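A.B. asks: Let me see the structure of the following:
(one chain, ligands or ions: 1)
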Amino acid sequence: MKIIEVRVDQIHFISDMVRDGEFHSHPGKPHDAKQPMLTIVCDNGIEGHYVGPMVKGVIEGGCSQVLIGEDPLFRERIYRRLLQYQRLQTELNERTLCAIDCALWDIAGKAAGLPVYKLLGAYRDTVPCYGSIMVGDDIKGGLDTPEAYAEYALKLVKQGYKAIKLHTWMPPIIPEPSVDMDLEACKAVREAVGPNIPLMLDPYHYYSREEALRLARGLEKLDFLWLEEPMDEHSASSYKYLTENTKLQICGPETAEGKYMTRADWIRFGSASIGRAGALTCGGLTSLIKCLHLYEANGMSVEMHGNHIANLHLLGATGIDGKYFERGLLHPMLDYEVPKPWFTANYDKMNENGDVIIPQGPGLGYEFNWDYIKNNIVK
Ligand code: MG
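C.D. replies: Numbers count the residues shown, from 1 in each chain. Down below sits the predicted model:
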């Protein structure tokens, strides 16, 4: 099998999401938007697809030179070549590397006639999930007060979610992030959902050590399960300080560069009590597998970052104590169950037990709306 074409199409759609100055998503006025979709075509007719953030120019440029003519099943060889290319080619970011790698896994699954998690070595067909509430905002009817979080969290529990994570307020929504306000929201949610729902917090990412410690100590009292990324993750020492000074579990690193190598250093350093990794920020599934094995070999649990389809397959292929798939982001004014127009169904369907079903189709198992895609490809 050989790769003969690499193409990024842009699918037009009407988005009801806007990004703030820190790139966090919020509901907003409907507007024209484009969703990139990568297609890698093989000489035997198999096509690998991936939908997500990516840089079109670098895929169709330098990366396609690595890919065209190559056997798509040689994922590790392709990954290593792209890794070297990534060193000086800043446009080849982790998200773009992830796009290419995931499309190759899609091809491998289709060639074998298996969903990716079974190709990896399946462990389970469903995984527990938590409802991941979007970053706080100042929208009436949105997530503008601690009470709004509490009301929405209770609604999510009634919908079947067995655990919940909050993202609280950050600039530019509020100019000064506040540990007190975070704790107020967490307290309101704990009181609303009761003692038996595991809760997690992902707050502002640039608190000082002292602020992060005060936040952690407050969350200890509210019996939270973990705290993630309350400080700049480039300081592994700050995370070591935090982990050593609180009984709360600290989960990380999420966004720090360096894939499995950075995670190895965090493990060695004792910078977190729970590991964290995700396909988008680790450069795809090939790299994510290395992170997972690293945590397993060190006797640590790992929580997957984001609602990525590759995270779901990896969770289906591991018995390591990574508890949850992160489902969302969720917001009281948005209906997460309605698929994006390029899909006929969401890939992270939740069953009546509040668990997410691993996609069963060959490859990644996307369920595409090909009519919509064909009719909405734009320049
Ligand atoms: Mg996070």
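A.B. asks: By residue count, what's the longest helix in this protein?
C.D. replies: helix 94-112 (DSSP state H).
A.B. asks: Could you point out the helix or strand that follows that one?
C.D. replies: Remark: after helix 94-112, the chain's next helix or strand is helix 116-120, criterion DSSP states H and E.
A.B. asks: tell me what that next one is packed against?
C.D. replies: When contacts are defined as 3 or more CB pairs under 8 Å, 6 or more residues apart in numbering; DSSP states H and E, helix 116-120 packs onto helix 94-112, helix 309-316. C-beta coordinates here come from the backbone N, C-alpha and C atoms, glycine included.
A.B. asks: Quick one: these as CSV, columns for distance to the ion, mean pLDDT and mean neighbour count too.
C.D. replies: Shown next, in CSV, are the helices and strands packed on helix 116-120 (distance: least, CB to the ion, whole Å; pLDDT from 0 to 100; neighbours: other CB atoms under 10 Å):
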stretch, distance to the ion, mean pLDDT, mean neighbour count
helix 94-112, 15, 98, 24
helix 309-316, 13, 98, 26
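A.B. asks: So in terms of bridging, what pairs with R7?
C.D. replies: Note on R7: beta-bridge partners T39, judged by DSSP bridges.
A.B. asks: What distance do you get for it to P53?
C.D. replies: Per CB to CB, to the nearest Å, R7 is found 17 Å from P53.
A.B. asks: who's in contact with whatever residue of the stretch 201-350 of the chain ends up closest to the ion?
C.D. replies: The ion sits closest to D202 of the stretch 201-350 of the chain, with a gap of 4.1 Å, by CB to the ion. Going by CB atoms under 8 Å, 6 or more residues apart in numbering, D202 touches 165-168, 227-229.
A.B. asks: for H12, same thing?
C.D. replies: Residues in contact with H12 (CB under 8 Å, 6+ apart) are 32-34, 376-378.
A.B. asks: now, which of the residues you listed sits nearest the ion?
C.D. replies: For the contacts of H12, the nearest to the ion is A33 (23.4 Å; CB to the ion).
A.B. asks: what residues go with each domain of this protein?
C.D. replies: Per automatic domain parsing, the structural domains of the chain span 3-113+366-378, 118-357.
A.B. asks: Highest mean neighbour count out of those domains?
C.D. replies: Ranked by average neighbour count under the criterion mean count of other CB atoms under 10 Å, these are headed by domain 118-357 at a mean of 19.
A.B. asks: Span of it from start to end?
C.D. replies: Length of domain 118-357, first residue to last, CA to CA, to the nearest Å: 13 Å.
A.B. asks: next one: stretch 357-376
C.D. replies: End to end - CA to CA - stretch 357-376 spans 29 Å.
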